[in-house]
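Asker: structure of the sequence below:
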Amino acid sequence: MSIVEGKRVVVTGVLTDSSIAFHVAKLLQDNGAKIVLTSFGRAMSLTERISKRLSKPVEVLELDVTNEDHLNTLAERVKDALGPHIDGVVHSIGFAPESALGGNFLHTSWGDVAKALETSAYSLKALTMAVESLFDKSAGASIVALDFDATVAWPKYDWMGVAKAALESTARYLARDLGPRNVRVNLVAAGPLKTIAAKSIPGFADFESVWKSRAPLGWDVSDPEPAAKAVVALLSDWFPKTTGEIIHVDGGVHAIGG
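Answerer: Okay, the predicted model is just below:
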């Protein structure tokens, strides 16, 4: 039996077939899970189009994680799509205004910083609590968010790096408070990948060169599947006592000095 057979999972962040979230969705379906996707605004048409490349039809729900109306109605809409209980949530959401990236760290306004933090970090709490009523009281659930190593300051990553550090801390506090309900909260810190999100980061080529020279296992910036497999594993029952953890899927770069 597949490790996620019968699981019901909400997957955010599917935009193109290069998205980690797309590969998560594909692996989930191929291994027996039932999923629903979320998107919003102009990205909805992209998500709906790319969802047709999955092995089974899937519903796409509108969700802007900064929109209270969307969050307040999400549980009912997910229930209509997946049934009364869900087993997991994939948080693949991140955004920072242009002024918050690219070497402008000292001059970014609080308004733009706040937008980055709300969308990229606070949204993990907001999304989790929006569907918390759908977690089975005994079986619990698994929340997995996508991360980028926030233990160091990366060139030009600026306030997005701060937002990822906030995401990591948010995951730990959620793990603390939801653990008694058997809800696990973990992160997958992937190496750099050529996704739509990466295209918005000035100097992305700098990341590529770091991984090319330092990854002991090697790293392919065009292959999201290793990270996606880690997400699916964490959504399964094979990590029953793992929470508040960051699983690095980066070819080993996080462990190697400069």
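Asker: CA atoms for contacts and neighbours, from now on please.
Answerer: Fine.
Asker: hmm, Glu62 and Thr47 touching each other?
Answerer: No: using CA atoms under 8 Å, Thr47 makes no contact with Glu62, being 10.4 Å away.
Asker: count the residues that sit near Val152.
Answerer: 10 (other CA atoms under 10 Å).
Asker: nope, Leu193 is what I was after
Answerer: Neighbour tally, Leu193, other CA under 10 Å: 23.
Asker: where does it land in three-state SS?
Answerer: coil (DSSP: H, G, I helix; E, B strand; the rest coil).
Asker: just give the nearest non-adjacent residue to it, would you?
Answerer: Val221 (4.3 Å; CA to CA, 6 or more residues apart in numbering).
Asker: phi, psi for the one you found please.
Answerer: phi -70, psi -10 (degrees, to the nearest 10).
Asker: ok, now which ones touch Ser51?
Answerer: Shown in contact with Ser51 (CA atoms under 8 Å, 6 or more residues apart in numbering): 57-58.
Asker: so what pLDDT did it get?
Answerer: Note on Ser51: pLDDT of 97.
Asker: likewise for Thr195?
Answerer: 72.
Asker: same question for Lys212.
Answerer: 87.
Asker: got the CA positions of the strand or helix carrying Ala75 in CSV?
Answerer: Element membership for Ala75 (DSSP states H and E) is helix 68-82. This file holds the C-alpha atoms of helix 68-82, laid out as CSV (Å, rounded to 0.1, in the frame of the first residue of the first chain):
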residue,chain,number,x,y,z
GLU,A,68,-10.0,37.2,5.9
ASP,A,69,-13.1,36.2,4.0
HIS,A,70,-11.2,33.6,2.0
LEU,A,71,-9.7,32.2,5.3
ASN,A,72,-13.1,32.2,7.1
THR,A,73,-14.8,30.2,4.4
LEU,A,74,-12.0,27.8,3.6
ALA,A,75,-12.9,25.0,5.9
GLU,A,76,-16.4,24.7,4.5
ARG,A,77,-15.1,24.8,0.9
VAL,A,78,-12.5,22.2,1.6
LYS,A,79,-15.1,20.0,3.3
ASP,A,80,-17.3,20.2,0.2
ALA,A,81,-14.3,19.0,-1.9
LEU,A,82,-12.6,16.4,0.3
